[in-house]
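**Student:** give me a model of this one.
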Amino acid sequence: MLDVVADSTARQFRRAIVMPNLVPPVTSTAMAVAYRDRIVAGVAADHHFTPLMTCYLVDDADPDGIVEGYEAGVFAACKLYPAHATTNSAHGVTDVRRIRPVLEAMQRVGMPLLVHGEVTERDVDIFDREAVFIDRVLDPLRRDFPALRIVLEHITTRQAVDYVAAADDRLAATITPHHLHINRNAMFDGGIRPHAYCLPVAKREEHRLALRRAATSGSAKFFLGTDSAPHMIERKESDCGCAGVFNAPYALESYLQVFDEEGALDRFEGFAAEHGARFYGLPLNEGTVTFDRSGTDVPATIEHDGITLVPFHAGQRLDWRLMS
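**Tutor:** This is a model prediction of the structure:
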C-alpha cells in the first residue's frame, strides 16, 4: 500500500505530517525512523519529499523518550487518538489524565499535540462527538496546560470553528478537502456510499459552510490537513467498511476549487503553504506550485500491483490542474 500511495502525497506536497496509527502503532523513536525510511524509499527522489513523523500516544507513554525523539528531530509532534475513535486507534489513550506527565513534558519543550477530537462513548450521537469532545476533553486540557500548542485536526463542525477562532494562538485547526466539499448527505446519496465515510463523519450543511468560511478567511488559525486515508476497495465496500477518504492524489486541486468558488484565491497560499508551517515553527518551503484552468478528470479508480483504490472526486472533473 505504501508503494502505491506515497508518491500521491509527494507529488502534491514537499512535506507532510505523517500519522502514526499503523499496526503496530508508532510509539518510539526507532519505530518512527524505520517508518520514515520506508516512506522515503517509496517516493521518487525528484519529489524531494520530507515526511514529518509523529508519535502515537498510549496510556503508558514515556515522556523522556518522546522528548528525546523530538529534540533529535525525529518527532515533529505527538498524536492523541481517544481509544477506538478511528482506524487503528485501539491502543489510543483511554483517559487524558493518564498522559499528564507526557503533556507536561511536551508543554515544557514546545512540542505540538495533534488531536483527533471525538469522544467515544456509545451513548453520544456520532454527529455530536466532536462538539462534546471540545466541552469535556479539550477545554479542560487547555486550562490545565495553557502553554501547550495544540492542533485540533480535521475539524467538522461550526462549534469547532468557533472554539478555535476564539482561542489564543496556541490552538489551531486543520481542515480536509472532503469536509469542504461534502456534507453528511453524501454518505446516503441513492444508497450507502462507503467512499464518503470517514471519521469524524461529515456533518450537516451548516457545518460544511462554516468550514469553508474558516478555511478561506485568511485566519492563520486554520490550515491545510488532508487526513488522506487509503483503503483497498474491498475493505471500503464491505459489511463493515473502513473509515477514510483517499484524497491525496488531487488534494491541491480540490482545495483550490473551494477557494476559487469562494472568491478567495488570494488566501489560498496562506492556508496551503504558510499557516501550518508557522504554527509548527518550520521554514516556509522554497519554490512554487503551478496550476492552470485546463481542468482535471479524476479517474474512477487507481490501480497498481493488485491494489484498487477509489480517490476522492472519483469520476468527476475538477476545474484546476496541477502542472508542476
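
**Student:** and the helices in the chain, which stretches?
**Tutor:** Assigned by DSSP state H, the chain shows helices spanning 2-12, 29-41, 63-71, 100-109, 129-133, 139-144, 158-166, 177-181, 205-215, 233-236, 251-261, 268-269, 275-280.

**Student:** run the chain-centre distance for the shortest one.
**Tutor:** Spelled out, that is helix 268-269. 18 Å (C-alpha atoms, centre = their mean, to the nearest Å).

**Student:** what helices or strands is that helix leaning on?
**Tutor:** Counting contacts by 3 or more C-beta pairs under 8 Å, 6 or more residues apart in numbering; DSSP states H and E, helix 268-269 is packed against helix 251-261. From N, CA and C alone the C-beta is placed, and that goes for glycine too.

**Student:** pLDDT of the helix it packs on, averaged?
**Tutor:** Mean per-residue pLDDT for helix 251-261: 98.

**Student:** in that helix, which residues are buried?
**Tutor:** The neighbour-count check on helix 251-261 (16 or more other C-beta atoms under 10 Å) flags 251-260 as buried.

**Student:** likewise for stretch 207-223?
**Tutor:** 207-208, 210-217, 219, 221-223.

**Student:** and the contacts of it?
**Tutor:** 155-158, 161-162, 164-165, 167, 169, 171-175, 179-183, 202, 255, 258-259, 262, 264, 267, 270-272, 274-276, 278-279 (C-beta atoms under 8 Å, 6 or more residues apart in numbering).

**Student:** then stretch 290-305?
**Tutor:** Counting by C-beta under 8 Å, 6+ apart, stretch 290-305 makes contact with 3-4, 233, 249-250, 252-253, 256, 308-324, all of which sit outside it.

**Student:** any chance of the buried residues of stretch 207-223 in a markdown table, plus distance to residue 80 and pLDDT?
**Tutor:** As requested, those are exported to a markdown table (distance: C-beta to C-beta, whole Å; pLDDT from 0 to 100):
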| residue | distance to residue 80 | pLDDT |
| --- | --- | --- |
| 207 | 22 | 98 |
| 208 | 25 | 98 |
| 210 | 24 | 98 |
| 211 | 21 | 98 |
| 212 | 26 | 98 |
| 213 | 27 | 98 |
| 214 | 22 | 98 |
| 215 | 23 | 98 |
| 216 | 28 | 98 |
| 217 | 26 | 98 |
| 219 | 23 | 98 |
| 221 | 19 | 98 |
| 222 | 19 | 98 |
| 223 | 19 | 98 |
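
**Student:** hang on, the earlier thing: can you tell me which of the contacts of stretch 207-223 are classed as buried?
**Tutor:** 155-158, 161, 164-165, 167, 171-175, 179-183, 202, 255, 258-259, 262, 264, 267, 270-272, 275-276, 279.
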